[in-house]
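Visitor: Pasted the sequence and its predicted model underneath.
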2 protein chains.
Amino acid sequence: MPHYSRRDFIARLGLGATALLTAPSIISNARAIPQDKKISIALVGLGYYSEFQLAPAIMKSQYCRLGGIVTGTPAKAEKWKKQYNLPDKSIYSYETFDRIANNKDIDVVYVVLPNSMHREFVIRAAKAGKHVICEKPMAVSVKEAEEMIAACKKAGVKLSVGYRLHFEPFNQEAARFGKGDFGKVKMVESSFGFKIGDPTQWRLKKALAGGGAMMDVGIYAIQASRYSTGEEPISVTAQEFKTDPVKFKDVDETIFWQLEFPSGAVASSMTSYASYIERLYISAESGWLELNPAYGYGPLAGKTHQGPLNLPIVNHQAAQMDDFAKCIFENKESNVSGEEGLKDLKVIEAIYRAIQTGGKVKI
Amino acid sequence: MPHYSRRDFIARLGLGATALLTAPSIISNARAIPQDKKISIALVGLGYYSEFQLAPAIMKSQYCRLGGIVTGTPAKAEKWKKQYNLPDKSIYSYETFDRIANNKDIDVVYVVLPNSMHREFVIRAAKAGKHVICEKPMAVSVKEAEEMIAACKKAGVKLSVGYRLHFEPFNQEAARFGKGDFGKVKMVESSFGFKIGDPTQWRLKKALAGGGAMMDVGIYAIQASRYSTGEEPISVTAQEFKTDPVKFKDVDETIFWQLEFPSGAVASSMTSYASYIERLYISAESGWLELNPAYGYGPLAGKTHQGPLNLPIVNHQAAQMDDFAKCIFENKESNVSGEEGLKDLKVIEAIYRAIQTGGKVKI
C-alpha cells in the first residue's frame, strides 16, 4: 500500500471523507497540502534519463522525494546510495524488486526501463501495491498497454505515463487551442526528430524498443496533435523512409504520417532518427501558435498570433511528478493516465499498419 | 522580333560574335550592359498581381520598362495609359493582341491571366515573335506546358515562368543546400497555405484555375523542395482534405504530399486555401535552414545553424524580370524556363494521381 493513503491525507487535513467530496476546491488547491508532505518514489532503471533528468527533478519537486532505486548494476546502486543517502532496504535489483511490496517507505514506482520491459515492471509494481509512473511509450503494443491498465485497476493503484509536456506551460498553451479558445482548429504540423548517436544502444533494437523514432519521439508529435485539436484521430496514412538501412535495419528511422480528426481538422507529422526537427504549429480559425523547440527538456520557445510567448520556464519532470503526487493525495486519476498512453499506442499501431498497407487506416 | 536583338546588343558593346563567345565573363557581368538599356514588357491581364506587384516592380527594375498592356476592360486601359504614359499603339484588347507582332516597341509579353488561359496567350505571344514570361503555374496540365514550350522553341523566342523566388536571397540561401554546400540533404518540410477570401473569384473555379491551393501556392512548396534538395522527386504519396466542401466544391482545398528523391532525401509538404502556413525547413548533414515566412512578396525571414539570416530585402519581381532581361541580352536560357515550369506540373499531376489512387505514384 502507498505510504500516504487517501485516508491518511484526509485525516491530516482534519476533514471527513464527506467533507472532502463536497469541497473539491479545497482539495485541488495546492495550499491545502501540507508543505512537508511528500510521496516517495523508487526509480526502476538508472540510465541517462533517471540520472540526469528524473533524479534532479525529484530534488526540485515540491511533493516528491527519492525513496528508492531498482538497478541491475551494483556499482550504480553504491553510487546512488551515497549521493541520495538511500537506506539499504530501499535498494533493489530486478530480482529482488518484488519485495518492494513490504517497503512502506515507497509510494510510487517509476519505470524507466527499455520499452519492452515496461509491461513486466508496471505489472510487478502494481502487484506490489505501488502506484506507478511508466515512461513513454507505456508499452510496445496496444495489447500490453491494456494488460497494464487492467493490472493497475485490479491492484487499486494509480497508473500514469511520463508525459511531462502536459505540465509544461508552452505545451499547455497549445492545449488551449484544443479546448477551443481560438476557434476551430484547422491544421496541425507536429514533428520531432533527431540524429541518434551510438549504433549499439537499446533504442535501435526492436526487441527492446518495440520500434524506432516513432516509439521514442514520434509519440510526442502524436500527443501534440491530439492536445492541439482536443480530438482523437479517426484515420491515418503514413509513409516510411530509410536513408540509412544499415544503422536502422531493426527499427523505423523516418516516418511521415497524416491524421484526420472528426471535426475535419488535419495533422501532418514526421519523426526521424536521421534528422533534427522539433516543432508544433497550429492553425485555427482565430489564431495560430508555433513552438520551436517544442518538445525537448527546455527551455522551449514559441509565438502566437498575439506575439512571442513569455511563459514560465519550469522543470517538466518535477511538475509532472508533483501533479501525480497531488493525484495520489486527492485520490483522482492523472490526466496522463494509462488510458492516455493507450490512445497513443492505438495511433502508433495504426501508423505501422498504414505503412504496411500503403493506404488509409481507420483508428 | 524582340526590340533588342542579340546582334544589336553585340554591336552596342563593340564586340563581334566571336569575341562574345570567347569572353562570356564580360557578358555575364552586369556592368557590361549599358545602364540605359531596357527591355520593354507588355502585361497581359491587369488584375491585382499586375497592378500592385508587377507594374511597381518594373518601375524599380534596372533593365525593364513597361511598354504596353493587354486588357479586356477599357476603363483599365484608360487608367494605365495615363498612369504609365503608354502610347495608344501599345494598348491591346484580347482580340487585337496578335497585332503586337508588328510592335517593335515590345520585347516581352508577360502573361498574368487565369491559369487556364496561359497556354493560349503564351502561344499567341510566341507566334507574334515576342519573348514570354508566364505566371505560375505555367499551365493547367503537362500536355499544355509541353505545347507551350514547343511553340516558343519553334518561334525562336525565350520562355520563362514567373518564379520570382529564384532571384530572392533567402530562397537562394535555401538553394545552397541543394548545391550540397551543407552536406547531404536528409529532409525538407515545405508548406504554403492561406485562407482565401472572395468565394466568387476565378481561383475557385476549376475551368479557370485548373485546380485549387495546389496550383496556386502548393507549387511554391514543390519548387522549394526541388531547389532545397537539388534533385527531382521520384515518387509521391498525397492526401486531400476538405474542411469546407461547399466553398471548395470545384477545386482542391487542403493537400498533404510526401516526396522521395533519388539520394534518399524526403520532403513533406502541405498546401491549403483554409489555413495559413508559409514555411521551408531543410535538415542536412552539416546544417539546417528555416524560412518563415518563406514565399510571400516579402520581407522574408529565416535562420540557419549559423544564426539568423541577414540578407538583402529585394523586390522579387524586379529581380526576376531583370534576370530575364539579361537572358535576352546575353541570349541564354532562363533558369526558370518553360522546362522548369513543366517539371512542377509533372509533380502536380503525380500528386493528383496519388490522391485518386491512394497509393504511391512514380514521377
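Guide: Sure, I can see it.
Visitor: is it true that residue A:115 touches residue A:144?
Guide: No. The pair residue A:115 and residue A:144 fails to qualify as a contact (CB atoms under 8 Å) at a distance of 9.5 Å. Quick note: C-beta positions are derived from backbone N, CA and C, even for glycine.
Visitor: check which helix or strand covers residue A:267.
Guide: Element membership of residue A:267, judged by DSSP states H and E, is strand A:266-272.
Visitor: So that strand, near chain B or not?
Guide: Yes. Against chain B, strand A:266-272 shows contacts by CB under 8 Å from any CB of the partner chain at A:266, A:268, A:270, A:272.
Visitor: first vs last residue of stretch A:306-315, how far apart are they?
Guide: End-to-end distance for stretch A:306-315: 25 Å, by CA to CA, to the nearest Å.
Visitor: I meant stretch A:329-342, not that one.
Guide: End-to-end distance for stretch A:329-342, by CA to CA: 24 Å.
Visitor: Tell me where chain A has helices.
Guide: Under the criterion DSSP state H, chain A contains helices at A:6-13, A:17-22, A:24-28, A:48, A:55-60, A:74-84, A:118-127, A:142-155, A:169-178, A:206-209, A:213, A:219-229, A:316-329, A:338-357.
Visitor: so for the first one, what's the average pLDDT?
Guide: Taken as a whole, helix A:6-13 has an average pLDDT of 38.
Visitor: What backbone torsions are found at residue A:72?
Guide: phi -100, psi 0 (degrees, to the nearest 10).
Visitor: list the contacts for the closest residue to residue A:114 other than its chain neighbours?
Guide: Distances taken as CB to CB, 6 or more residues apart in numbering or on different chains place residue A:208 nearest to residue A:114, at 4.1 Å, with adjacent residues excluded. Applying CB atoms under 8 Å, 6 or more residues apart in numbering or on different chains, we find residue A:208 in contact with A:114-117, A:202.
Visitor: if you set the cut-off to 7 Å instead, what comes out?
Guide: A:114-116, A:202 (CB atoms under 7 Å, 6 or more residues apart in numbering or on different chains).
Visitor: What of residue A:174?
Guide: Counting by CB under 7 Å, 6+ apart, the residues that residue A:174 touches are A:224, A:227-228, A:280, A:282, A:289, A:291.
Visitor: To what extent is the closest residue to residue A:146 other than its chain neighbours buried, counted in neighbours?
Guide: Computed as CB to CB, 6+ apart, the closest residue to residue A:146 that is not its neighbour in sequence is residue A:342, at 6.6 Å. As a burial measure, residue A:342 scores 18 neighbours (other CB atoms under 10 Å in any protein chain shown).
Visitor: Which pLDDT does the model give residue A:342?
Guide: 98.
Visitor: again with residue A:44
Guide: Residue A:44 carries a pLDDT value of 98.
Visitor: Mind listing the residues bridging to it?
Guide: For residue A:44, the beta-bridge partners are residue A:70, residue A:111 (DSSP bridges).
Visitor: is it true that it touches residue A:112?
Guide: Yes. The pair residue A:44 / residue A:112 is scored as a contact, 6.1 Å apart, by CB atoms under 7 Å.
Visitor: So between these two, which is more surrounded?
Guide: Neighbour count, other CB under 10 Å: between residue A:44 and residue A:112, residue A:44 has more, with 29 against 23.
Visitor: measure the more buried one to chain B for me?
Guide: Distance, residue A:44 to chain B, using CB to the nearest CB, to the nearest Å: 35 Å.
Visitor: Strands of the stretch 151-300 of chain A, start to end?
Guide: A:159-161, A:185-193, A:235-241, A:254-260, A:266-272, A:277-284, A:287-291 (DSSP state E, counting those that start in this stretch).
Visitor: Residues in contact with the first one: which ones?
Guide: Right, strand A:159-161. A:122, A:132-134, A:136, A:138, A:148-149, A:152, A:324, A:334, A:336-338, A:340-341.
Visitor: can you check the last one too?
Guide: Residues outside strand A:287-291 that contact it (CB under 7 Å, 6+ apart): A:170, A:173-174, A:177, A:182, A:279-282, A:300, A:302-305, B:276.
Visitor: what's the angle from that strand to strand A:277-284?
Guide: 170 degrees (axes from the mean of the first three to the mean of the last three CA atoms, to 10 degrees).
Visitor: circling back to that earlier point, of the contacts of strand A:287-291, which pair is most distant in space?
Guide: Maximum pairwise distance among these (CB to CB): 22.2 Å, between A:300 and B:276.
Visitor: Identify, from the contacts of residue A:208, the entry nearest to residue B:65.
Guide: Distances from residue B:65 to the contacts of residue A:208, taken by CB to CB, are shortest for residue A:115, at 66.9 Å.
Visitor: Quick one: buried ones out of the contacts of residue A:174?
Guide: Buried members of those, scored by 16 or more other CB atoms under 10 Å in any protein chain shown, are A:224, A:227-228, A:280, A:282, A:289, A:291.
Visitor: Between those, which sits nearest residue A:77?
Guide: Nearest to residue A:77 among the buried ones among the contacts of residue A:174, with distances taken as CB to CB, is residue A:224, at 36.9 Å.
Visitor: surely residue A:239 meets residue B:259?
Guide: No. Counting by CB under 7 Å, residue B:259 is not a contact partner of residue A:239; they are 10.0 Å apart.
Visitor: Same drill for the two, tell me which one is more crowded.
Guide: residue B:259 (28 against 22).
Visitor: Name the residues linked to that one by a beta bridge.
Guide: Residues in a beta bridge with residue B:259, per DSSP bridges, are residue B:236, residue B:267.
Visitor: Then residue A:65?
Guide: Applying DSSP bridges, one finds that residue A:65 bridges with residue A:40.
Visitor: Neighbour-wise, which one of the contacts of residue A:208 leads?
Guide: Within those, neighbour counts (other CB under 10 Å) peak at residue A:115, which reaches 24 neighbours.
Visitor: Distance check, that residue against residue A:356.
Guide: 20 Å (CB to CB, to the nearest Å).
Visitor: same deal with residue A:126?
Guide: Remark: distance between residue A:126 and residue A:356 (CB to CB) = 33 Å.
Visitor: And for stretch A:343-352, what's in contact with it?
Guide: A:137-139, A:141-142, A:145, A:214-215, A:219, A:222-223, A:232-233, A:236, A:238, A:255, A:257, A:361, A:363.
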